[in-house]
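A.B. asks: Just need the structure, nothing else, for what follows:
(chains A and B)
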Amino acid sequence: AQRVTQPEKLLSVFKGAPVELKCNYSYSGSPELFWYVQYSRQRLQLLLRHISRESIKGFTADLNKGETSFHLKKPFAQEEDSAMYYCALVTTDSWGKFQFGAGTQVVVTP
Amino acid sequence: KAGVTQTPRYLIKTRGQQVTLSCSPISGHRSVSWYQQTPGQGLQFLFEYFSETQRNKGNFPGRFSGRQFSNSRSEMNVSTLELGDSALYLCASSMGHNTEAFFGQGTRLTVV
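C.D. replies: Model prediction:
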């Protein structure tokens, strides 16, 4: 069975510092990986998906199949990045069934 | 374009009762999935419907059931409520395969 692990429950960083959220997964096939974000009192929303290879709000994420990781990075954290971040995995034969990690709370302090 | 709408936003029920939650997906979306979110277990997948058929099911007891109507609206039912069913229930919709899922704001269920 597939599994998504986010080892950090809380990440506290200073504004302007780099931030990296770790995500590791276990799945023998080729999964689709996503990062979702939940700002305070807002709904869960998509931040990134690995196939798009985009940079959204300064965030990037690279899928490393060798290390089965999909870490989220931003070189300079902003206060508005404070939120809960979830890594999620979907398999092509079970689309619609997102497997979420436990989430990482990011707090950016000025 | 209206987002995913869940009703009601808040519910308080007594143990042993049953409850029905509703989800209206984004227009044109045929896939609706449900998740339970709790502080201890995080986000857990309940089930997914596509064109009125349940395609995927999570590891929840049979007290949790759902259905999808021809207009893609979905309902989730929990019978014989237990205290442990207290959670935020999220619904997500998508167009189907290989597309982004959009989430609703959730229904906060409290069982007392």
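A.B. asks: going forward, measure contacts and count neighbours with C-alpha atoms only.
C.D. replies: Noted.
A.B. asks: those strands in chain A, which residues are they?
C.D. replies: Under the criterion DSSP state E, chain A contains strands at A:3-5, A:10-14, A:19-21, A:24-26, A:32-38, A:45-49, A:60-64, A:69-74, A:83-90, A:99-100, A:104-109.
A.B. asks: now these as CSV including mean pLDDT, mean neighbour count and distance to chain B?
C.D. replies: Output for these, formatted as CSV (pLDDT from 0 to 100; neighbours: other C-alpha atoms under 10 Å in any protein chain shown; distance: least, C-alpha to the nearest C-alpha, whole Å):
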stretch, mean pLDDT, mean neighbour count, distance to chain B
strand A:3-5, 94, 18, 11
strand A:10-14, 97, 15, 14
strand A:19-21, 97, 21, 17
strand A:24-26, 95, 19, 16
strand A:32-38, 94, 21, 9
strand A:45-49, 92, 20, 7
strand A:60-64, 90, 19, 17
strand A:69-74, 96, 20, 17
strand A:83-90, 96, 24, 9
strand A:99-100, 94, 23, 6
strand A:104-109, 97, 20, 11
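A.B. asks: per-residue confidence for whichever residue of chain A sits closest to chain B?
C.D. replies: Among all residues of chain A, residue A:43 sits closest to chain B, at 4.9 Å; criterion: C-alpha to the nearest C-alpha. Residue A:43 carries a pLDDT score of 94 in this model.
A.B. asks: List of residues touching stretch B:43-53?
C.D. replies: A:96-102, B:30-37, B:54-60, B:64, B:66-70, B:72, B:96 (C-alpha atoms under 8 Å, 6 or more residues apart in numbering or on different chains).
A.B. asks: Apply 6 Å and report the result again.
C.D. replies: Contacts to stretch B:43-53, defined as C-alpha atoms under 6 Å, 6 or more residues apart in numbering or on different chains, come from residues B:30-37, B:54-58, B:68-69.
A.B. asks: And it, what's buried?
C.D. replies: Of all the residues in stretch B:43-53, those buried under the rule 16 or more other C-alpha atoms under 10 Å in any protein chain shown are B:43-52.
A.B. asks: ok, now how distant is the residue of chain A closest to chain B from residue B:45?
C.D. replies: As judged by C-alpha to C-alpha, to the nearest Å, residue A:43 and residue B:45 stand 17 Å apart.
A.B. asks: ok, now residue B:18?
C.D. replies: Distance from residue B:18 to residue B:45, by C-alpha to C-alpha: 20 Å.
A.B. asks: So what sits opposite residue 36 in the bridge?
C.D. replies: If you meant another chain, say so; for now it's chain A. residue A:46, residue A:86 (DSSP bridges).
A.B. asks: wrong chain, I was asking about chain B
C.D. replies: Beta-bridge partners of residue B:36, as defined by DSSP bridges: residue B:44, residue B:89.
A.B. asks: Quick check: it touching residue B:89?
C.D. replies: Yes: Residue B:36 lies in contact with residue B:89 (C-alpha atoms under 6 Å); the separation is 4.7 Å.
A.B. asks: between those two, which one's more packed in?
C.D. replies: The neighbour comparison of residue B:36 against residue B:89 (other C-alpha atoms under 10 Å in any protein chain shown) goes to residue B:89, with 24 against 20.
A.B. asks: Give me the pLDDT value at that one.
C.D. replies: Looking at residue B:89, its pLDDT is 98.
A.B. asks: same deal with residue A:53?
C.D. replies: Residue A:53 carries a pLDDT score of 73 in this model.
A.B. asks: Residue A:44 versus that one, what's the distance?
C.D. replies: Going from residue A:53 to residue A:44 by C-alpha to C-alpha gives 20 Å.
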